Structure formats: C-alpha cells, structure tokens
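**Student:** the following comprises the amino acid sequence and a computationally predicted model.
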Amino acid sequence: MTSLTLGGAIGAGLARAMQDDDRVLLMGEDIGKLGGVFRVTDGLQRRFGAERVIDTPLAEAGIVGTAVGLALRGYRPVVEIQFDGFVYPAFDQIVCQVAKLHYRSSGRIRMPLVIRIPWAGGVGAAEHHSESPEAYFVHTAGLRVVAASNPQDAYVMLRQAVASDDPVIFFEPKRLYHSKAEVDVDIDLADAPPMHLARVAREGTDATIVTYGAQVRTALDAALAAEDEGLSLEVIDLRSLSPLDMNTVAASVRKTGRVVVTHEAAREAGLGAELVASITEQCFEYLEAPPARVTGHDIPYPPSKLEKHHVPDLDRILHAVDRVLERGTAAPAAATIEGGVR
C-alpha cells in the first residue's frame, strides 16, 4: 500500500497506464513542463518524453479533435480539460464525434479516449472554474461518465478508463485533490470492482443518501453527525454516472424506505431528477416518504464569497434527512427549496 493524495493517485494511474501500453499518450494545456495547474501530471513528461505527454495550445476543440484522430489511428489518448468550465468549446467534438463514431460505423470504429475534467466547486474559484456539467454528458448516449471520490477509486478507475474501448468522461473533484489515503498500486484490474458499479460507502438502515464525487465526503460527515442522534444512514457512492448502477441504489432504498439525493450541480433537470424518477419507478412500494433532493441552486456559479451558500453542506443534507424521516421541525417537501429558484 502507498499513501497518495487523490491527485497523486490519478498521476500514478496515468504513469502505470503509459508504462503498460505504449499507445497511451497525454494531451492538454500545461500538462507537460508545468505538470498541469493541479500538478497531477508532474514529472510524466520527463519520464515518458514530449511525444507522449504533449503540451497543447489553448484550444479545447482542437485538443479533443486531435485526440479523436489519434484514437482512430490506434492510439489511446488521455486529454485534460484544464478546468470544468473550459470543456464547452469542445462540446461539439464530444457530442457530435466522440460519442457517435462507434454507432455511426456500425461498431467498426472504437473510440478509446479519456477526457479528464477537474470538476466542481469548493476551492474559492469563480464561474468557468467551478462548474458541474455532468448532466450534459450523462444525457449524451455513447459516453461513459464516471466520478472518483477517493484516491483508491481514482487510481483504479483511471486505469480502467484508459483500458476501455469506449470514450470516458472522467470527472475529478478538485477540492479533494489533496485528500490522502492508502492506495493499492499493485492491484490487478481483474480483481477490482468494475468501473460501472456503485459502492456502499457506509451501511445504514434508516435512510439512504445517494451521491458522487466530493459530496460523498459531505454525506459521510452527515451520516456520522446523524449517528449522534441515533440515526443510521446508508451512503451510496455512485462512481459511475452513466451507466447508473440502479441495482445497488434500489437495493439500498428497498432496505431503508427513505432516500436523499445530493449533488453540487443545479437542481433543474440534474442527475438527481433522473435518480429520483428511477427510484420511484423501481421502488415505489418500498418508499415511506417522497425522495428529497439537495443540490446547487439554479444560478450561474456564484463568487467565491458566496459558494458556501451554494454547495450543499452537512446541514442541508441533514435537514433533508429529517424531512424524509418526518422528524422535528423539518418543513414539508412542497414548502422547502433545497435547490433554489431562478
């Protein structure tokens, strides 16, 4: 076991993937000599050379478009989008080319391309640097979308994403880049949980919290705080946003009968809406209360001084838990706004 930060685990996963397969190469803005703005790729250009760790112009559409061509020629490119809000110039390439080439060619063309995106808020940055655009990509058929919440998953899932023949959007919660844990860097991918499966991050019996990314830590903190009040909360880390592992989610909800879904992205038409709809369809007869959502507000990302009011925190999650458990003074669902209004 090796003690690594989440950012260090991603860097180690990239290094291992490049060591194991000469077709793997990295592309992105400042990822080479600088090592990336978050230093995730620090040292990789010195180790593998400038032909495999490529500093690109500031042109996201060009970066992804070039990676498409490389994937067509048999390479396995991994591109970094420097910040989440910078992915939008590449949106046309991702939606119209990356996601569709396998289908357009009746399966003859594979697209083994990973798009790494440092993602979401909590680091005191403004719009374009704290976005949560996952719903756009989850809605796009032909993409795998994953989000790591801890160093071990970051290391393993990055390697699994590179090994996949499908295009993968790999979201990295930037506010957890410096969180540290023990990582098994020698794990055989055949022995690791498949990338598309959710995990039970904490077992419980009274209510289920479903989340992903940095919100997993917040949900675990909420579960720990609730324990002092005699409540047992189960926390599900989705890991994969597309496809969704509804079997794991449904099994938990059928056990507890109550569910809270939380994410940083805006409430309206967010991933939480899809989860609540699917949970209602699959678990309706087991539900003891309407599902609750705790999300970011339906506004552009706010200035850094206000983001603490925007990103769902422990108190907002616990208030939703009280609501689904019909405890105390929690407001009725119809009168409570957990996400916000325009």
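**Tutor:** Arrived safely, thanks for sending. Numbering: from 1, shown residues only.
**Student:** which neighbouring elements make contact with the helix or strand where Lys255 lies?
**Tutor:** Element membership for Lys255 (DSSP states H and E) is helix 246-256. The contact analysis (3 or more C-beta pairs under 8 Å, 6 or more residues apart in numbering; DSSP states H and E) places helix 246-256 against strand 199-202, strand 207-211, strand 233-237, helix 271-283. Placement of C-beta: from N, CA and C, glycine included.
**Student:** now with 10 Å?
**Tutor:** Applying 3 or more C-beta pairs under 10 Å, 6 or more residues apart in numbering; DSSP states H and E, one finds that helix 246-256 contacts strand 199-202, strand 207-211, strand 233-237, strand 259-266, helix 271-283.
**Student:** the ones you listed: which one's closest to Gly36?
**Tutor:** strand 259-266 (22.0 Å; C-beta to C-beta).
**Student:** strands along the stretch 51-200 of the chain, start to end?
**Tutor:** Listed in chain order, the strands of the stretch 51-200 of the chain (DSSP state E, counting those that start in this stretch) span 53-55, 76-80, 114-119, 144-147, 168-173, 180-183, 199-202.
**Student:** tell me the angle of the fifth one relative to strand 114-119?
**Tutor:** In other words, strand 168-173. Going by axes from the mean of the first three to the mean of the last three C-alpha atoms, to 10 degrees, strand 168-173 is angled at 20 degrees with respect to strand 114-119.
**Student:** need the winner for burial among the helices and strands packed on helix 246-256.
**Tutor:** Among the helices and strands packed on helix 246-256, ranked by average contacts under mean count of other C-beta atoms under 10 Å, first place goes to strand 207-211 (a mean of 30).
**Student:** what's the spacing between the residue positioned nearest the centre of the chain and Leu238?
**Tutor:** The centroid of the chain falls nearest to Ala147 when counting by C-alpha atoms, centre = their mean (2.2 Å). Distance of Ala147 to Leu238, given as C-beta to C-beta, to the nearest Å: 7 Å.
**Student:** what does Glu307 give?
**Tutor:** Going from Glu307 to Leu238 by C-beta to C-beta gives 23 Å.
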